[in-house]
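Student: next one to model:
(one chain, ligands or ions: 4)
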Amino acid sequence: EAKESRMPIRVFSPHLGAAAGRRRVLETDLRRALANHEFLLAYQPKVDAGSRRIVGAEALIRWQHPEKGLLSPAGYIHLAEEIQLIVPLGEWALRAACFQNKLWQDAGLPPIQVAVNVSAHQFKREDFVETVQRALDDSGLEARYLELEITEGALLQGSHDVLHALRGMGIVLAIDDFGTGYSNLSYLKDLPVDKLKIDQSFIRDIVRDPSDAAVAQAIINVAKSLRMKVVAEGVEDRQTFDILEGLHCDEIQGYYCGRPQLPDEFIQLLRQGFAM
Ligand code: C2E
Ligand code: CA
Ligand code: CA
Ligand code: CA
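Tutor: Ligands and ions are numbered 1, 2, ... in the order given. This next block holds a predicted model:
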C-alpha cells in the first residue's frame, strides 16, 4: 500500500481530446516555469533612422525550457494570455527590463529606452499604474527610459486616465502593431501616446508593393501631424531601411538592425552604440 500511495495520481478524462491534453500539460509547464525562473528577456535594438545609433530596445520574452531549449513566445504567449498567467509573467518582464536597463546605465553605457509589451489583461487592471511605479521605484530607473508598447485592442480595454497617469509619470507610450486594429483617426487624435509602431505586415513587402509603401507613408503622415514618433518593425534588409528612412520614419527595428539578443550579447552592441 505504501508503494501505491507514492504513485502520482493522474486523471485522464476521456472527454478531453489530444489537443486539450497537450494544452493542460503546457499550462502546468508554464506555471512551473514562472515559479522556477525559466523566463528570460531578449533585447532587440531600435535604431534612429538618420544617425543609425541604438536609441532603444524591445524586451521580448524567451523561455529557457529545461529540455526544449530557448523558446520564442509564439508557442505559449497565447495560452499565457488565456489563463491570465500573462499578468504575473508580464509584471516579471516589466521589472526585469527596468532592472536590466538601470544596470546598463550604472555600467556607464549610453542610456536607451527599453520597451516592454503590455497585454490587455495587465493594462485593464486597477493596480497597473502602481505596478509600473513600483518597478521604477524598486529599480531606480528614470521613467523616461521606460517605454510601454500597447496594442490598439488592449488600449480599448483600459482607460485614458491610465494613459494620462503613465504619461504624467514621464513614461513613453507606444501603440504596437499599428494599422491592424481599430485605427480610427478621431479616436487616435485624443489618445495620449507618444509613438506609433507600424505593424510588420505593412513593412514586409514595402520594396515590391507600392500600396504597402503608401500605407506606411500615410501612417507616418498621420503620426507627424499628431506630433507622434513613428517606429517601423520587421525591417529585414537595406532597401526596406532606405525606403523608410526616405519616408522620414524615426526609428527602425528588425533583423537588419539586429536580432533579439540575450543581455550578454546585447551589451556588446550598446558599447559600440551601433547595431549595424
Ligand atoms: P511583437 O510585440 O509584435 O514583437 C515583435 C516580434 O517580431 C518579435 O517576435 C520579434 O522577434 C519579431 N521580429 C523582430 N524583427 C523581425 C524581423 O525583421 N522579421 C521578422 N519576421 N520578425 C521580426 P517574438 O520575440 O517571437 O515575440 C512575439 C510576440 O510575443 C510579440 O510580438 C509580443 O506580442 C509577444 N511578447 C513577447 N514578449 C512579451 C511580453 O513581455 N509581454 C507580452 N504581453 N507579450 C510579449
Ligand atoms: Ca511589441
Ligand atoms: Ca509589434
Ligand atoms: Ca505583432
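Student: so residue 230 lies in a strand, does it not?
Tutor: Yes - assessed by DSSP: H, G, I helix; E, B strand; the rest coil, residue 230 belongs to a strand.
Student: so it makes contact with residue 252?
Tutor: No - using C-beta atoms under 8 Å, residue 230 is not in contact with residue 252, being 9.9 Å away. Just so you know, the C-beta spots here come from the backbone N, C-alpha and C atoms, and that holds for glycine as well.
Student: below-threshold pLDDT in the stretch 1-150 of the chain: ranges please.
Tutor: The stretch 1-150 of the chain contains residues with pLDDT under 70 at 1-16.
Student: how about it: which residue is closest to ligand 3?
Tutor: Nearest to ligand 3, among the residues of the stretch 1-150 of the chain, is residue 149, at 6.8 Å (C-beta to the ion).
Student: that residue in helix, strand or coil?
Tutor: Put simply, residue 149 is strand when judged by three-state DSSP.
Student: give the contact list for it.
Tutor: Neighbouring residues of residue 149 by C-beta atoms under 8 Å, 6 or more residues apart in numbering: 58, 115, 116, 117, 118, 174, 175, 176, 197.
Student: that one and ligand 2, how far apart?
Tutor: Distance of residue 149 to ligand 2, given as C-beta to the ion, to the nearest Å: 4 Å.
Student: spatially nearest residue to that residue, not counting backbone neighbours?
Tutor: Leaving out its chain neighbours, the residue that sits closest to residue 149 by C-beta to C-beta, 6 or more residues apart in numbering is residue 176, at 4.1 Å.
Student: which strands and helices sit next to the helix or strand the one you found falls within?
Tutor: Counting by DSSP states H and E, the element that carries residue 176 is strand 172-178. Using 3 or more C-beta pairs under 8 Å, 6 or more residues apart in numbering; DSSP states H and E, the elements in contact with strand 172-178 are strand 113-118, strand 146-151, helix 152-157, helix 160-169, strand 195-198.
Student: redo that, cut-off 6 Å
Tutor: Strand 172-178 sits against strand 146-151, strand 195-198, with contacts defined as 3 or more C-beta pairs under 6 Å, 6 or more residues apart in numbering; DSSP states H and E.
Student: ok, now which ones touch the residue nearest the centre of the chain?
Tutor: When C-alpha atoms, centre = their mean is applied to the chain, the residue found nearest the centroid is residue 117 (3.2 Å). Applying C-beta atoms under 6 Å, 6 or more residues apart in numbering, we find residue 117 in contact with residue 149.
Student: can you rerun that using 8 Å?
Tutor: Counting by C-beta under 8 Å, 6+ apart, residue 117 touches 58, 59, 60, 61, 90, 93, 149, 176.
Student: is it true that the first one lies in a strand?
Tutor: Spelled out, it's residue 58. Yes - Residue 58 forms part of a strand when assessed by three-state DSSP.
Student: so what's it bridging to?
Tutor: When assigned by DSSP bridges, residue 58 has beta-bridge partners residue 44, residue 115.
Student: what's the neighbour count on it?
Tutor: 25 (other C-beta atoms under 10 Å).
Student: residue 133 versus that one, what's the distance?
Tutor: Going from residue 58 to residue 133 by C-beta to C-beta, to the nearest Å gives 22 Å.
Student: can I assume the residue nearest to residue 149 is in contact with residue 197?
Tutor: Yes - here residue 176 reaches residue 197: they are 5.1 Å apart, a contact under C-beta under 8 Å.
Student: higher neighbour count, the two?
Tutor: residue 197 (27 against 24).
Student: touching, that one and residue 233? I think so.
Tutor: Yes - in terms of C-beta under 8 Å, residue 197 counts as a neighbour of residue 233; the distance is 5.9 Å.
Student: which element is residue 222 on?
Tutor: Going by DSSP H and E, residue 222 is part of helix 210-225.
Student: which of the residues in that helix are buried?
Tutor: For helix 210-225, a neighbour-count test (16 or more other C-beta atoms under 10 Å) marks 212, 213, 215, 216, 217, 219, 220, 222, 223 as buried.
Student: quick one: mean pLDDT for that helix?
Tutor: For helix 210-225, mean pLDDT rounds to 95.
Student: and the angle for that helix with strand 172-178?
Tutor: Calculated by axes from the mean of the first three to the mean of the last three C-alpha atoms, to 10 degrees, helix 210-225 forms an angle of 160 degrees with strand 172-178.
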